[in-house]
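J.: Generate a structure from the sequence data that follows.
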Amino acid sequence: MVNQIQLLRPKQAPAHAHEASVKLRRPILEEADSATPFQQMVITVWRRKWLVIGMSVLGGALAGFIGLMRPPLYEASTQMIVALPGSSTPAGAAAASQDSLAAIVDGHLTVLSSEGNLRNVLAALRKADADQPPAPPQSAPRRIVGAIAQKARTWASGLLSLIISDQQDAVASSETKDAADLRALHDELRVGQELRSRIISIGFTDRNPVRAAQVANAVAAVYVDGLTQQSRASDQQELTSIVARLPETKDELAQATAQLQAYRFDNGAPGPGSVDDNGREIADIGRQMSLAKTSLADVETRLERISSLRDSNAPAADMAAAIGQAAPIGPSAGTGTPVTGESNLNGRGPATEEIDREVARLEAERQVYQRQVASLQQQGAALKAASADAANRLSGLRALELKAEVISQRYNYLLGRQQDLEQRIESPQADVAILSQAMPPTRPITQPAIFLLPPGMIVFGLGTAVLLLARRRFDRTLRSQAEAEAALGITCSGLIPKIARPSARRLCSLLLGQHKALYTCAVGSLLMNLANARLRLPGVILIMPSDEGEDKTLLAWSLALTATRLGEQVLLVDFDQQETRITREFRNEFSTSRINGSVADFLIDNRSLAETVEEMTEIQVGFMPAPPVSRDLLHLIAMVDGTKIVDKLREKYSLVILNGPSGAAGPEARLLTSWADAVLLTVRWGATPRNIARSVLEFIGVEEKLPWNLPASPSSVLTQVDLKQHASYRFGDSGDLLLRGL
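T.: Predicted structure coming up:
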C-alpha cells in the first residue's frame with residue numbers, strides 16, 4: 001500500500017499550498033524498528049513489573065495465609081485380603097485366581113463404597129462415640145491457645161466458604177444431618193486395589209489422626225462383620241434345611257435296608273460264587289458235548305465207509321483199512337480175492353465174522369455216544385435254567401443293594417454337612433480378612449504453608465501478566481507516532497507532552513521563558529515540522545480536535561506563542577463557540593482592550609481587523625474571538641469566500657492559526673479545511689480510540705486514507721503524552737528523544 005501511495009502521489013503541490021518539505025521523514029504506514037510479538041509481550045510486562053511483582057507477593061501471602069489457616073489433614077489406611085474360591089488342586093486355584101480375581105475384587109470395592117455399607121459404618125461410629133468416655137480437660141494455656149486457633153480457622157473457613165462455595169453451603173444447610181455426615185464420609189473415604197493383587201486398601205482423611213484411623217478400621221471391621229453375619233445366616237438357613245431332611249432320609253434308608261433283607265430271606269439270595277460255578281459247569285458240559293459229538297461223527301463215518309465197501313464188494317485190504325486193522329483178514333487174504341456172499345453160501349467165514357464183530361462194536365459205540373450227547377444236553381439245559389433263575393434273583397438283590405447304598409451315602413453326606421455347618425456357625429469366616437489395621441498417622445498429607453508460597457506467587461504473577469497482555473491487546477488507543485500513522489494514514493508530526501495544571505501565565509512562562517523545557521522543545525519541533533523546504537511556515541494552520549477537550553485550544557495558543565519567538569506576526573482566530581478556560585485566561589491576562597467584535601463581525605458585517613482583533617502586546621499575539629453561540633457558524637463560513645478572507649488576514653499577519661470548532665467534526669470543519677495550508681488533527685495520547693480519529697478524517701474529506709485529497713496537507717499530533725510512561729513502551733520515536741533531552 002505504501003508503494004501504491006508513492007506511485008499515485010502528485011509530482012507538484014497545489015498552487016495554494018506551500019512547497020513540500022524535503023526533509024528526511026519516515027514514510028507513512030511504515031513502522032520503524034518494529035518489535036517482534038515476543039518483544040512486545042516482554043515490554044508490556046516489563047512496563048508494569050512492579051505491579052506484577054506486587055501481585056506475586058500478594059498471591060504468595062494469600063496462599064501462605066490460607067495454608068496457615070487450613071487445618072492439617074491426616075490419612076490412615078487399613079488393608080484387607082480377598083480369599084479366592086476354594087479348589088482342590090494348585091493348578092485349579094491358579095486358574096481360579098487368574099479368571100475370577102478381577103471380578104471378585106471389583107465386587108468388594110463396589111460394596112465397600114456403597115451407601116448401605118456407609119450407613120452401617122456411620123451407625124457404628126456414632127455408637128462408638130457414644131460409648132467412648134469423655135476426654136480429660138486440658139490445661140488453661142493450651143485450652144486458650146486451642147480456642148484462639150479454632151476461632152481463627154473457623155473465621156478463615158467461613159470467609160473462604162463465602163468467597164468460594166456459597167452455593168454449596170446453601171445446599172448443605174438444607175440437607176439433614178445424616179445425609180451431610182454420609183456425604184462427608186463418602187467424600188473423605190478412599191477404596192482401591194493394591195496394584196493387581198488381592199489386597200484392598202481403605203483410606204480415610206480427617207483433621208484428627210486418631211479419628212482417621214478409627215474410621216478406616218471401622219469401615220473394614222463393619223464390612224467384615226457384615227460378610228460374617230451374612231455367611232452365618234446362610235449357613236444357619238442351610239443347616240435348618242438339612243436338619244429337616246435328615247429324618248426323611250433316615251426313614252428311606254431303613255425302608256431300603258428292610259426290603260433288602262426281606263428279599264434275601266425270600267429268594268435265598270445266591271451269591272456271586274454260585275453263579276460263577278454254574279457258568280463253569282455249563283462250559284465243561286459244552287466241551288464234553290463237543291467231544292462226544294466228534295467221536296459220534298467219527299464212528300458214523302466209519303460205519304458208512306464199511307457199508308459202502310460191502311456194497312461194492314471191495315477187496316479185503318480195503319475192508320481191513322476201513323475197519324482199522326493192519327493185516328489182511330482170513331485165508332484168502334494172500335490171494336486177493338474179494339470177499340463176497342457167494343463164498344459163504346454154505347457157512348460164514350472167519351473174515352466175515354470179524355467184520356461183523358467190528359461193525360457191531362462200532363454200532364455199540366455209536367449208541368453210547370448218542371446216549372452221552374443226549375445226557376449232556378439235558379444237563380446243560382438244566383444248568384442254564386438254574387443259572388437264569390440265579391441271575392434274576394441276583395439282579396433284584398443288586399438293585400436293592402444299590403438303592404440302599406445311595407440312600408446311605410446321602411444320609412452320611414447330610415450328617416457330615418450338618419457337622420461342618422455347626423462348626424462354621426460356631427466360628428464363622430468371611431471371604432475377606434483384615435490384613436493390617438490402621439494406626440494413627442504422624443505426618444499430615446497436606447503440604448506445609450511454605451510450599452504454597454511459590455504456586456501462589458506464580459499463579460498471581462502469571463494472572464497479572466495475562467491481564468496486562470489482554471489489556472494491551474484490546475487497547476485501541478494511539479500511543480506512538482508509528483501507530484498513529486498506520487491507523488490514520490497521515491503523517492504524525494510530533495508528540496506534545498502533558499503539563500500539569502495548564503494556565504495562561506504558566507504557558508507563557510514555559511514557552512517564552514524556559515527554552516530548554518520539554519514542552520517548549522516539543523511544540524517548537526511540531527511547528528518546524530509544518531515548515532516547507534525553505535523553513536517557511538504555512539500561512540494558515542487549522543487545528544481540528546478528534547474528541548472533546550481543551551487539547552486543541554491549548555495547542556493553538558502554544559503554537560502561537562512559539563511562532564512569536566520566530567518573529568512571526570501571529571493571529572489566532574477562534575471558531576470554538578464554547579469558550580474554554582485557557583482562552584478566557586489569555587483574554588483576561590494579556591488583552592489590552594476588550595472589544596465586542598468577533599469572527600462573525602469580520603466575515604459578515606465587513607468590519608475591519610482593528611475592530612475585531614484583540615491585541616495582546618505582551619505576548620505579541622492577535623486574537624479574534626469566536627462568534628457567540630446564537631450565530632450559525634456553518635452559515636457564516638459558507639456565505640464568504642475563504643480565499644479573500646485569508647488574503648486579508650495575510651496582509652497583516654504572517655501566520656494565522658484557526659482554532660477549529662469543538663466537539664465532533666461538523667460540516668463547518670470540512671469548509672474550514674479549504675482555508676488552511678496545513679491541518680493538524682489533535683489526538684489525545686492513550687485516550688482517543690483510533691476508530692474515532694479515522695471517522696473525523698473521513699468526515700473532513702480524507703477518503704481511502706489518501707492525504708492529498710484535501711487542498712491542505714493534513715497531519716496528526718499526539719497530545720497529553722506522559723513521556724515516562726511513553727518511554728516504557730520503547731517505541732523509539734520522538735518521545736524517547738525528548739526524554740533523553742531531559
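J.: all strands of the protein, in order?
T.: 74-82, 189-193, 199-206, 432-436, 491-497, 540-545, 570-574, 614-616, 621-624, 655-659, 678-684, 713-721 (DSSP state E).
J.: Can you give the contact residues for the shortest one?
T.: The set of residues that contact strand 614-616 without belonging to it, under C-beta atoms under 8 Å, 6 or more residues apart in numbering, is 586-587, 590-595, 622-625. Using the backbone N, CA and C atoms, a C-beta is placed for each residue, glycine as well.
J.: Name every strand pairing with that strand and say which way it goes.
T.: Strands adjacent to strand 614-616 in the sheet, as given by DSSP bridges, are strand 621-624 (antiparallel).
J.: Then the last one?
T.: Paired with strand 713-721 in the same sheet, following DSSP bridges, are strand 491-497 (parallel), strand 678-684 (parallel).
J.: which residues does Phe204 contact?
T.: Neighbours of Phe204 in contact, by C-beta under 8 Å, 6+ apart: 75-77, 188-190, 212, 215-216, 219, 438.
J.: Now these in JSON lines, please, with extra columns for pLDDT.
T.: Converted to JSON lines, the contacts of Phe204 look like this (pLDDT from 0 to 100):
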{"residue": "Glu75", "pLDDT": "91"}
{"residue": "Ala76", "pLDDT": "92"}
{"residue": "Ser77", "pLDDT": "91"}
{"residue": "Glu188", "pLDDT": "90"}
{"residue": "Leu189", "pLDDT": "92"}
{"residue": "Arg190", "pLDDT": "92"}
{"residue": "Ala212", "pLDDT": "91"}
{"residue": "Val215", "pLDDT": "92"}
{"residue": "Ala216", "pLDDT": "92"}
{"residue": "Val219", "pLDDT": "92"}
{"residue": "Ala438", "pLDDT": "90"}
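J.: Quick one, which of these are buried?
T.: Neighbour counting by 16 or more other C-beta atoms under 10 Å classes 75-77, 189, 212, 215-216, 219, 438 among the contacts of Phe204 as buried.
J.: Looking at those, spot the one nearest Gln39.
T.: Nearest to Gln39 among the buried ones among the contacts of Phe204: Glu75, at 48.6 Å, using C-beta to C-beta.
J.: so the closest one touches Ser201, yeah?
T.: No: taking contacts as C-beta atoms under 8 Å, Glu75 lies outside contact range of Ser201: 10.8 Å.
J.: hey, what's in contact with both of these two?
T.: Shared contacts of Glu75 and Ser201, counting by C-beta under 8 Å, 6+ apart, come down to Arg190.
J.: Can you give me the neighbour number for Val432?
T.: By the criterion of other C-beta atoms under 10 Å, Val432 has 21 neighbours.
J.: show me the residues around it that make contact.
T.: 80-83, 108, 200, 223-224, 227.
J.: how does it look with 7 Å?
T.: Contact analysis of Val432 by C-beta atoms under 7 Å, 6 or more residues apart in numbering lists 80-83, 108, 224, 227.
J.: swap in Ser290?
T.: Ser290 makes no contacts at all, as judged by C-beta under 7 Å, 6+ apart.
J.: Tell me the spacing between the closest residue to Met289 other than its chain neighbours and Val299.
T.: Distance criterion C-beta to C-beta, 6 or more residues apart in numbering; nearest residue to Met289, sequence neighbours excluded, is Leu376 at 4.2 Å. Leu376 is 17 Å from Val299, where distance means C-beta to C-beta, to the nearest Å.
J.: now the strands of the chain as TSV including distance to Leu51?
T.: Below are the strands of the chain laid out as TSV (distance: least, C-beta to C-beta, whole Å):
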stretch	distance to Leu51
strand 74-82	40
strand 189-193	42
strand 199-206	39
strand 432-436	54
strand 491-497	24
strand 540-545	32
strand 570-574	43
strand 614-616	46
strand 621-624	44
strand 655-659	39
strand 678-684	23
strand 713-721	21
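J.: right, so of those strands, which gets closest to Arg280?
T.: strand 74-82 (64.1 Å).
J.: Right, I'll call it a day here.
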